[in-house]
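Chemist: how would this look folded up:
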Amino acid sequence: ETETETETETEAEGYLADEHPSRSGEDPGSQGSGQRTRMRQTPSDSEESDPQNRRPSPGAPSTRQGSGRVLSPVSAGVRRRTRVDPHENFENLQETSKWFPDAYKAPNPGEESKEVLDTRKRREFWIRTRLTFAMFLSFLFLIASGQFFVMLLVIAIKVGMFREVLALKRNREKDTRIPLFRSLNWYFFVVCIYFTYGMILQHRISVVHLEMGYVGILTDHHLFKSFILWVIGFMAFILCLEKGSYKYQFTQFSWTHMTLLMVVVSASCMINNMYGGMVWFYLPVCLVIWNDVYAYVFGRFYGKTPLIKLSPKKTWEGFLGAFLTTVVFGWWGGYLLSFFPNMICAQEELTITPFPQMNCVPDPIFVPSVPFKVPAWLRALSLLIPREEVHLGETALIMPWMLHVTGLSIFCGIVAPFGGFFASGFKRAFKIKDFGDLIPGHGGITDRMDCQIIMSVFVAVYRATFITGLKRVTVARILSQVDRLSATDQLELLARLQAAIGSPS
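Modeler: Coordinates of the predicted model:
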């Protein structure tokens, strides 16, 4: 007994459509009884090609056997079965897959081949490498130019960071409807820069004020002026409130001030470190860059154990390898930089002269004074060098600076990477890949400064605690106080100084 069986099944390779005739035009009865042929034709195509071979309507009578299968009311024939490739008939597969409705994915016509992907990755790698070297050489040029020009670079970086972070919560349609709203955000940024930088550079600017009186416009009553400027912006914000946008405007007001706290405070720490000696700015920046690069290198070649869920590509092997190499690099870099006066000398006066020649009495931390017992293996290693002056004895004196470098390197290797993890979680919260696209291959400015923020704050706190203290007296600080004296008091101070200097010791 032969009969045509109507059934539709789902398999890993495709689905079964027994009632559809083949596209090759073969007669269903031309094959032997019981034989099945995989078919590719959809039900709609079948109905158009053979009006008699149609799926029975829901109300139409059907023939049922004991097996429970539905038999189509067509002429006797053999059961035919066609295997369908999922990528060739995705829509039918998706409709007929009962147990795994999302198991089949539509083919991506624009999917790139392995060769194209490799070529694109190589191109991006070389673009990123060239830009890295270009940025580093430009950074070295600015470092040699002096503190003032590096300060301008820091301000430019913070402007880019403020713009990128502010854009995460921006609604352009509402911004255009609210007058002066976007301008107010940048007004608060300028006021915050004036306040924080003025607090740091006030005593240095006061020294210049002794020679140029108009500079006092910026320094006199600095705290009061800063507050009045902020109050003006606060009043303008209240006057700009628009009905229907209250929640958005107050959200933006809070977002702006939180961004200023993160961006400008870290910038003020960088400036404070830099004027205390360029080495306190330059070495931490290099440590972070070194740690970031070698975390990638060790993770790329040896990484197997995941480190944190926020960054699936970060591994324990990369983390530990970067930590060890960062400490070694810190010792080498810190020792080398201690021989350059432009690195270790603090700039007590604000000057805009490029490439200054700085000479100073080295701070005691840069003078070898801490006894150190040299291990036997290190003494043997020094004997391999033909120059006798580098041969080590049983004891040696090291600079206290090297102990401080060790602390900075350990913090950079362990804690600074968590600044990057924080940025990764921040971007995941806003469902973005990068904060911006200003730097090809690197993302935005904030993507490159995530670890630098926490490192600069740590260096500022470390210096204030263990190096400068809270009450360090310098000539610049004394002169900043002299400028506030009345003319009579200044003459009295001058007379006393002349008497003290001229009197016999």
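Chemist: rest of the way, CA atoms for contacts and neighbours
Modeler: Noted.
Chemist: which residue ranges form the strands in the stretch 301-450 of the chain?
Modeler: 306-308, 311-315, 370-373, 395-398 (DSSP state E, counting those that start in this stretch).
Chemist: how about the chain?
Modeler: Per DSSP state E, the chain carries strands over the ranges 5-6, 8-10, 15-17, 63-64, 70-71, 306-308, 311-315, 370-373, 395-398.
Chemist: mind listing what the closest residue to residue 285 other than its chain neighbours touches?
Modeler: Among residues not flanking residue 285 along the chain, residue 452 sits closest, at 6.7 Å (CA to CA, 6 or more residues apart in numbering). Contact analysis of residue 452 by CA atoms under 8 Å, 6 or more residues apart in numbering lists 285, 288, 416, 419.
Chemist: got a winner among those for most neighbours?
Modeler: residue 416 (24 neighbours; other CA atoms under 10 Å).
Chemist: could you report the neighbour count for the spatially closest residue to that one that is not a sequence neighbour?
Modeler: The shortest distance from residue 416 to any non-neighbouring residue, by CA to CA, 6+ apart, is to residue 451 (5.3 Å). Neighbour count of residue 451, defined by other CA under 10 Å: 25.
Chemist: surely residue 451 meets residue 414?
Modeler: No - assessed by CA atoms under 8 Å, residue 451 is found out of contact with residue 414, at 11.2 Å.
Chemist: overlap of the contact sets of those two?
Modeler: Contacts common to residue 451 and residue 414, judged by CA under 8 Å, 6+ apart, are absent.
Chemist: pLDDT of stretch 364-375, averaged?
Modeler: Regarding stretch 364-375, the rounded mean pLDDT is 89.
Chemist: what's that stretch in contact with?
Modeler: By CA under 8 Å, 6+ apart, stretch 364-375 touches 338, 392-401.
Chemist: any regions of the stretch 351-500 of the chain where pLDDT drops low?
Modeler: Applying pLDDT under 70 to the stretch 351-500 of the chain flags the ranges 440-442, 469-474, 476.
Chemist: where along it do the helices fall?
Modeler: 376-383, 400-414, 417-429, 445-466, 475-482, 487-502 (DSSP state H, counting those that start in this stretch).
Chemist: run the chain-centre distance for the longest one.
Modeler: Think helix 445-466. 14 Å (CA atoms, centre = their mean, to the nearest Å).
Chemist: got the buried residues for it?
Modeler: Within helix 445-466, the residues that count as buried by 16 or more other CA atoms under 10 Å are 445-460, 462-463.
Chemist: CA-only coordinates of it in PDB, if you can.
Modeler: Output of helix 445-466 as PDB, limited to C-alpha atoms (Å, rounded to 0.1, in the frame of the first residue of the first chain):
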ATOM      1  CA  ILE A 445      41.100  60.600  25.200                       C
ATOM      2  CA  THR A 446      39.400  59.200  28.200                       C
ATOM      3  CA  ASP A 447      40.200  55.600  27.100                       C
ATOM      4  CA  ARG A 448      43.900  56.500  27.300                       C
ATOM      5  CA  MET A 449      43.700  58.400  30.600                       C
ATOM      6  CA  ASP A 450      41.600  56.000  32.800                       C
ATOM      7  CA  CYS A 451      44.600  54.600  34.700                       C
ATOM      8  CA  GLN A 452      46.500  57.900  34.700                       C
ATOM      9  CA  ILE A 453      43.700  59.600  36.800                       C
ATOM     10  CA  ILE A 454      44.100  57.400  39.900                       C
ATOM     11  CA  MET A 455      47.900  57.300  39.500                       C
ATOM     12  CA  SER A 456      48.200  61.100  39.500                       C
ATOM     13  CA  VAL A 457      46.000  61.400  42.600                       C
ATOM     14  CA  PHE A 458      48.100  58.800  44.400                       C
ATOM     15  CA  VAL A 459      51.300  60.600  43.600                       C
ATOM     16  CA  ALA A 460      49.900  63.900  44.900                       C
ATOM     17  CA  VAL A 461      48.800  62.300  48.100                       C
ATOM     18  CA  TYR A 462      52.100  60.400  48.500                       C
ATOM     19  CA  ARG A 463      54.200  63.600  48.000                       C
ATOM     20  CA  ALA A 464      52.000  65.600  50.400                       C
ATOM     21  CA  THR A 465      52.400  62.800  53.000                       C
ATOM     22  CA  PHE A 466      56.000  61.700  52.700                       C
END
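Chemist: tell me what angle that helix forms with helix 400-414.
Modeler: 140 degrees (axes from the mean of the first three to the mean of the last three CA atoms, to 10 degrees).
Chemist: what sits closest to residue 383 if chain neighbours are left out?
Modeler: residue 391 (5.7 Å).
Chemist: neighbours around the one you found, how many?
Modeler: Residue 391: 15 neighbours (other CA under 10 Å).
Chemist: ok, it touching residue 378?
Modeler: No - using CA under 8 Å as the test, residue 391 is too far from residue 378 to be in contact (9.7 Å).
Chemist: so how many other residues sit close to residue 131?
Modeler: Residue 131, neighbours per other CA under 10 Å, totals 16.
Chemist: from residue 282, how far off is it?
Modeler: 19 Å (CA to CA, to the nearest Å).
Chemist: give me the neighbour count for residue 260.
Modeler: Neighbours around residue 260, by other CA under 10 Å: 22.
Chemist: no more questions from me, cheers.
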